[in-house]
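Novice: Following is a predicted model, sequence given first.
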Amino acid sequence: MIGKRLRLARVNKGLKQIELGCLAGLDEETASSRVSQYEREVSSPDFALVCRFAEVLDVPEAYFYAVDEDLATLILQYHRFKKNNPNSTLIITPQ
């Protein structure tokens, strides 16, 4: 779940694995291989590193942890809405 979304967010941001890793504070020597391992879900980043990835990629941390794809999409949409409309309130009503 984290790996797939990490790769998608990185590609959407136009970053290479090494660039993302370095911007998130990983050592330049291992940045690319570590990000690759996270994206392939060979290993998992700890929460602090996920937070740094989220900051670099401009996505909320919750996006990486949502099990449901629709919820992940909604989390991203809400994040973008609040960023563009910081003083607005969003009301979701059932249909």
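Specialist: Arrived safely, thanks for sending.

Novice: outside of the helix ranked longest in the chain, which residues touch it?
Specialist: For the chain, the helix reaching the highest residue count under DSSP state H is reported as helix 69-84. For helix 69-84, contacts defined as C-beta atoms under 8 Å, 6 or more residues apart in numbering pick out 5, 58-60, 62-63, 66, 88, 90. Backbone N, C-alpha and C define where each C-beta goes, glycine included.

Novice: Now Leu90: closest residue in space, sequence neighbours ignored.
Specialist: Closest residue to Leu90 apart from its sequence neighbours, by C-beta to C-beta, 6 or more residues apart in numbering: Phe81 at 6.0 Å.

Novice: How far away from the center of its chain is whichever strand or helix holds Glu55?
Specialist: Assigned by DSSP states H and E, Glu55 belongs to helix 47-57. Relative to its chain's centre, helix 47-57 lies at 7 Å (C-alpha atoms, centre = their mean, to the nearest Å).

Novice: can you check stretch 77-87 too?
Specialist: 16 Å.

Novice: can you pull the buried residues of that stretch?
Specialist: His79 (16 or more other C-beta atoms under 10 Å).

Novice: same check, this time on stretch 8-23
Specialist: Buried, per 16+ other C-beta under 10 Å, within stretch 8-23: 8-10, 15, 17-23.
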